[in-house]
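A.B. asks: Only the shape, not the letters, is given here:
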(Lines give C-alpha, C1' and ligand atoms only; values in the text may rest on other atoms or scores of the structure.)
Protein backbone atom coordinates (compact mmCIF):
# COMPACT_ATOMS: atom_id res chain seq x y z
CA UNK A 1 0.00 0.00 0.00
CA UNK A 2 1.39 3.40 -0.94
CA UNK A 3 1.58 6.36 1.40
CA UNK A 4 -1.48 8.58 1.46
CA UNK A 5 -1.40 12.07 -0.01
CA UNK A 6 -3.30 15.15 1.16
CA UNK A 7 -3.57 18.43 -0.74
CA UNK A 8 -5.62 21.58 -0.32
CA UNK A 9 -6.75 23.35 -3.47
CA UNK A 10 -8.30 26.75 -4.09
CA UNK A 11 -10.20 27.00 -7.37
CA UNK A 12 -10.97 30.40 -8.87
CA UNK A 13 -13.09 31.48 -11.82
CA UNK A 14 -16.84 31.01 -12.22
CA UNK A 15 -16.99 28.24 -9.64
CA UNK A 16 -19.89 29.21 -7.37
CA UNK A 17 -23.56 28.73 -8.31
CA UNK A 18 -22.52 26.16 -10.95
CA UNK A 19 -22.81 23.00 -8.79
CA UNK A 20 -19.04 22.79 -8.18
CA UNK A 21 -19.32 21.57 -4.59
CA UNK A 22 -21.83 18.85 -5.47
CA UNK A 23 -19.71 17.80 -8.43
CA UNK A 24 -16.61 17.66 -6.19
CA UNK A 25 -18.44 15.58 -3.58
CA UNK A 26 -19.60 13.04 -6.19
CA UNK A 27 -16.19 12.74 -7.82
CA UNK A 28 -14.22 12.57 -4.56
CA UNK A 29 -16.55 9.88 -3.21
CA UNK A 30 -16.24 7.90 -6.44
CA UNK A 31 -12.43 8.07 -6.12
CA UNK A 32 -12.58 6.97 -2.45
CA UNK A 33 -11.15 10.23 -1.12
CA UNK A 34 -11.53 11.75 2.31
CA UNK A 35 -11.76 15.50 2.83
CA UNK A 36 -14.08 18.40 2.29
CA UNK A 37 -15.18 21.16 -0.06
CA UNK A 38 -16.56 24.63 0.69
CA UNK A 39 -17.29 27.99 -0.90
CA UNK A 40 -15.20 30.94 0.20
CA UNK A 41 -16.52 34.45 0.59
CA UNK A 42 -14.09 35.69 -2.08
CA UNK A 43 -15.96 33.65 -4.73
CA UNK A 44 -13.54 30.74 -4.88
CA UNK A 45 -14.01 27.11 -3.89
CA UNK A 46 -11.60 25.42 -1.49
CA UNK A 47 -11.16 21.68 -0.99
CA UNK A 48 -9.03 19.17 0.88
CA UNK A 49 -8.45 15.86 -0.88
CA UNK A 50 -6.79 12.98 0.98
CA UNK A 51 -6.23 9.40 -0.08
CA UNK A 52 -4.27 7.28 -2.53
CA UNK A 53 -1.89 9.55 -4.48
CA UNK A 54 -3.24 8.52 -7.91
CA UNK A 55 -6.82 9.28 -6.85
CA UNK A 56 -5.83 12.65 -5.36
CA UNK A 57 -3.96 13.59 -8.55
CA UNK A 58 -6.97 12.61 -10.68
CA UNK A 59 -9.25 14.78 -8.54
CA UNK A 60 -6.91 17.79 -8.67
CA UNK A 61 -6.68 17.43 -12.46
CA UNK A 62 -10.48 17.19 -12.69
CA UNK A 63 -10.79 20.44 -10.71
CA UNK A 64 -9.00 22.24 -13.55
CA UNK A 65 -12.04 21.44 -15.71
CA UNK A 66 -14.81 21.37 -13.08
CA UNK A 67 -18.48 20.72 -13.83
CA UNK A 68 -20.02 21.66 -17.16
CA UNK A 69 -21.19 25.19 -16.23
CA UNK A 70 -17.98 26.17 -14.42
CA UNK A 71 -15.15 28.25 -15.84
CA UNK A 72 -11.96 27.47 -13.96
CA UNK A 73 -9.29 30.15 -14.22
CA UNK A 74 -6.82 28.76 -11.71
CA UNK A 75 -6.22 25.87 -9.32
CA UNK A 76 -3.80 26.68 -6.50
CA UNK A 77 -2.35 23.59 -4.85
CA UNK A 78 -0.98 23.52 -1.31
CA UNK A 79 0.48 20.68 0.79
CA UNK A 80 -1.89 19.58 3.54
CA UNK A 81 -2.41 17.07 6.30
CA UNK A 82 -5.32 14.64 6.39
CA UNK A 83 -7.80 16.00 8.93
CA UNK A 84 -8.50 12.46 10.18
CA UNK A 85 -12.19 12.46 9.25
CA UNK A 86 -13.29 9.58 7.03
CA UNK A 87 -15.42 10.32 3.98
CA UNK A 88 -15.94 13.43 1.92
CA UNK A 89 -18.19 16.25 3.12
CA UNK A 90 -19.31 19.79 2.41
CA UNK A 91 -18.36 22.47 4.94
CA UNK A 92 -19.97 25.88 5.49
CA UNK A 93 -18.68 28.91 3.61
CA UNK A 94 -15.47 30.33 5.04
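C.D. replies: Thanks, I have it. Every value quoted in this text rests on a predicted model; they were computed, and no experiment measured them.

A.B. asks: now the residue sitting nearest the centre point of the chain, nearest residue through space, not along the chain?
C.D. replies: With distances taken as CA atoms, centre = their mean, residue 47 lies nearest the centre of the chain, 3.7 Å away. Of all residues not flanking residue 47 in the chain, residue 37 sits nearest, at 4.2 Å (CB to CB, 6 or more residues apart in numbering). The C-beta positions use only the backbone N, C-alpha and C, and glycine is treated the same way.

A.B. asks: Would you mind checking the average pLDDT for whatever helix or strand the one you found lives in?
C.D. replies: Secondary structure from DSSP states H and E places residue 37 in strand 34-39. Mean pLDDT, computed over strand 34-39, is 98.

A.B. asks: State the paired neighbours of it in the sheet, together with their directions.
C.D. replies: As defined by DSSP bridges, the strand partners of strand 34-39 come to strand 45-51 (antiparallel), strand 88-90 (parallel).

A.B. asks: Quickly compare those strands and say which is most buried.
C.D. replies: Ranked by mean neighbour count, those are led by strand 45-51 with a mean of 24 (mean count of other CB atoms under 10 Å).

A.B. asks: Need the residues that contact it.
C.D. replies: Residues outside strand 45-51 that contact it (CB atoms under 8 Å, 6 or more residues apart in numbering): 4-11, 15-16, 20-21, 24, 28, 31-40, 56, 59-60, 63, 80, 82-83, 94.

A.B. asks: what's whatever helix or strand comes next after it packed up against?
C.D. replies: The C-terminal neighbour of strand 45-51 among helices and strands, as given by DSSP H and E, is helix 53-63. Counting by 3 or more CB pairs under 8 Å, 6 or more residues apart in numbering; DSSP states H and E, the packing neighbours recorded for helix 53-63 are strand 5-14, helix 20-30, strand 45-51, strand 71-79.

A.B. asks: what's the angle between helix 53-63 and strand 45-51?
C.D. replies: 160 degrees (axes from the mean of the first three to the mean of the last three CA atoms, to 10 degrees).

A.B. asks: mind listing what the residue lying closest to residue 29 once chain neighbours are set aside touches?
C.D. replies: In space, residue 29 comes closest to residue 88 once its chain neighbours are excluded; the distance is 5.3 Å by CB to CB, 6+ apart. Neighbour list for residue 88: 25, 28-29, 33-37 [criterion: CB under 8 Å, 6+ apart].

A.B. asks: Good, wrapping up.
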